[in-house]
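J.: Have a look at this fold, sequence not included:
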């Protein structure tokens, strides 16, 4: 199996990206990685870190890459067609690789994926689907986390099908429960899009629909999949991230205010507080899946270091092995009949 | 000044509601409270707690009241017209009181306010506007926190005006900054409603518009007022509340896992952790304002004990003293010219 990696995307590219690739290849002989990026930057890192892996790594050289300031992807595709991310997608389009992993900007991945790789024939929209961990050690899927600010009920139904298969294949959940993110539990809560989606999901044969879920229960919901439009889910995610960050910062300040307190914290509480933080650390999961494109695409966190980037690659490997795109196509075709 | 209090609304009604009234009346000779509810329940509490205050408290007796199960307020208004909340609004409509405070269900207050008190002539929508505290000890206003699942840009503009006056008059902020809650900072982020509202706010003469704000910055934004539709803001609020609750629960567990740890925590950290929790405790603020009705209406938290309910009454008193409704009417009239 060959996976394309955009060596130049992410805050710590190319160093941590390449280190992540090396980690992913360790004891993983069936995997090959094609690195898209500047060989003059890549080769010295490879030589220093993982000379022995060279047989599993190929470099597709390009000196061009997207920066975080490159906002207009349509323009960039014209003026900078050989940017590493674009070439990685081209490689996937030409079947040179079976998937793409990048820590570049989300909107760049969504748009370039859309323009180069194109949507699967039966998908009307692409969804960003991160997996997130919680205190109960369960992993859940949230979608759409930001690809579409507005969605129709039919799009959300398709996403529910897609995520159900992913949860079954990747998370090994037998009968994954889907819930609709909403401002109340009752069936008549929300906007017209929630009311109609509720009704569609209730009737869907292959979906284990559990009704509405309020966002205060995001971390301990019975659901395996939380469904919403990209605007709402993005608001919930960002609120969650901001609150966690703010709280942890304040608690750290309290716990380490003096040398004595620092020592006490280290002796008594540090291990468990770190465990708590790790329990909800998004970096443990890898990246967000871009569901609906003609190839498996994983968007790793922009701030990915080697380990989380490695996780993102392994996630892509799992999705490809599970033939996820063929499976959703089959389901969607059955639906059409 | 006379304020109506729904003695029967809230999880701890009527006991904590009445205690809250007594607290609010202490050293507050200009305030009178009209208690709507069952005198057979109210009188024993009054006698036990605050006999000396009786001159400032009047009881409007009714044995009927709404329960949390009374969801359909239109029906209830027909079948239970003498419910305490409805009578309180009637009292306000007949100018017997200048404002209403209740810890009853939000939707009951919004709908009964809408049906009985009616909207101010120039308001097209009612907004729920809670004030919330943060680690930086600033108080901010969020609206609409849940009255309208969908809003037009013009409605949001009106809400921005309203909240600006409230922040100026009640929070004594000279030039309150308004920001639009959105999934990105750039002007072109969000749905069409955000794009259009952004443009309206940029042109508004009396509004200090600071652009978009992402929800991860809710607790440390430069803004005094965060603006959004009732669906989005409600999602953000509930995500925030759930995250705080979950985190505090987990941290408490870690800090008190054994007797030794309990003692250490109590000696070293408890005071500051409690202070942290208090810093973001919504109960300190009182209640949420219902902006846009013909009288001042405050929705206190359903779980209000005496102190927070007292704060909600004092908040109503401030809004009435500031003649908030006359002021917003003037601004809206000026806008029309």
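T.: Cool, got the structure. None of these values were measured; they are calculated from a predicted model.
J.: tell me the SS of residue A:260?
T.: Using DSSP: H, G, I helix; E, B strand; the rest coil, the structure places residue A:260 in helix.
J.: Please report how far it lies from chain B.
T.: For residue A:260, the distance to chain B equals 8 Å [C-beta to the nearest C-beta, to the nearest Å]. For every residue, glycine as well, the C-beta is placed using N, CA and C.
J.: swap in residue A:221?
T.: To chain B, residue A:221 is 10 Å away according to C-beta to the nearest C-beta.
J.: Burial check on that residue, number of neighbours?
T.: 22 (other C-beta atoms under 10 Å in any protein chain shown).
J.: ok but it is inside a helix, no?
T.: No - counting by three-state DSSP, residue A:221 is located in no helix; its state is coil.
J.: if I read this right, it contacts residue A:140, doesn't it?
T.: Yes - applying C-beta atoms under 8 Å, one finds residue A:221 in contact with residue A:140, separated by 7.3 Å.
J.: can you tell me which residues contact residue A:89?
T.: Listed by C-beta atoms under 8 Å, 6 or more residues apart in numbering or on different chains, the contact partners of residue A:89 are A:4, A:100, A:112-113, A:116-117.
J.: Excluding chain neighbours, what is closest to it?
T.: Leaving aside its chain neighbours, residue A:89 sits nearest to residue A:116 (4.0 Å; criterion: C-beta to C-beta, 6 or more residues apart in numbering or on different chains).
J.: and the one you found, that's in a helix?
T.: Yes - according to three-state DSSP, residue A:116 belongs to a helix.
J.: Give me the distance between it and residue A:38.
T.: The spacing between residue A:116 and residue A:38, counted by C-beta to C-beta, to the nearest Å, is 20 Å.
J.: go on, residue A:56?
T.: Distance of residue A:56 to residue A:38, computed by C-beta to C-beta: 20 Å.
J.: Give me the residues contacting stretch A:305-316.
T.: Contact with stretch A:305-316 is made by A:3, A:5, A:10, A:12, A:16-17, A:19-24, A:28, A:31, A:33, A:99-101, A:103, A:170, A:283-287, A:289, A:296-301, A:304, as judged by C-beta under 8 Å, 6+ apart.
J.: I'd assumed residue A:97 was in a helix, is it?
T.: No - Residue A:97 sits outside any helix when classified using three-state DSSP, being coil.
J.: surely it meets residue A:3?
T.: Yes - with contact taken as C-beta under 8 Å, residue A:97 and residue A:3 are classed as touching, separated by 5.8 Å.
J.: Show me whatever sits in contact with both of those two.
T.: residue A:34.
J.: show me where the stretch 1-150 of chain A has helices.
T.: Taking DSSP state H, counting those that start in this stretch, the helices of the stretch 1-150 of chain A run over residues A:15-25, A:39-50, A:73-79, A:84-93, A:106-112.
J.: Would you convert those into a markdown table that also reports distance to residue A:121 and mean pLDDT?
T.: Listed next are these as a markdown table, based on distance: least, C-beta to C-beta, whole Å; pLDDT from 0 to 100:
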| stretch | distance to residue A:121 | mean pLDDT |
| --- | --- | --- |
| helix A:15-25 | 31 | 94 |
| helix A:39-50 | 35 | 87 |
| helix A:73-79 | 22 | 91 |
| helix A:84-93 | 15 | 97 |
| helix A:106-112 | 18 | 93 |
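J.: How about the residues of the stretch 51-200 of chain A by chain B?
T.: Residues of the stretch 51-200 of chain A lying close to chain B (C-beta under 8 Å from any C-beta of the partner chain) are A:71, A:135, A:146, A:149-150, A:181, A:183, A:186, A:190-192.
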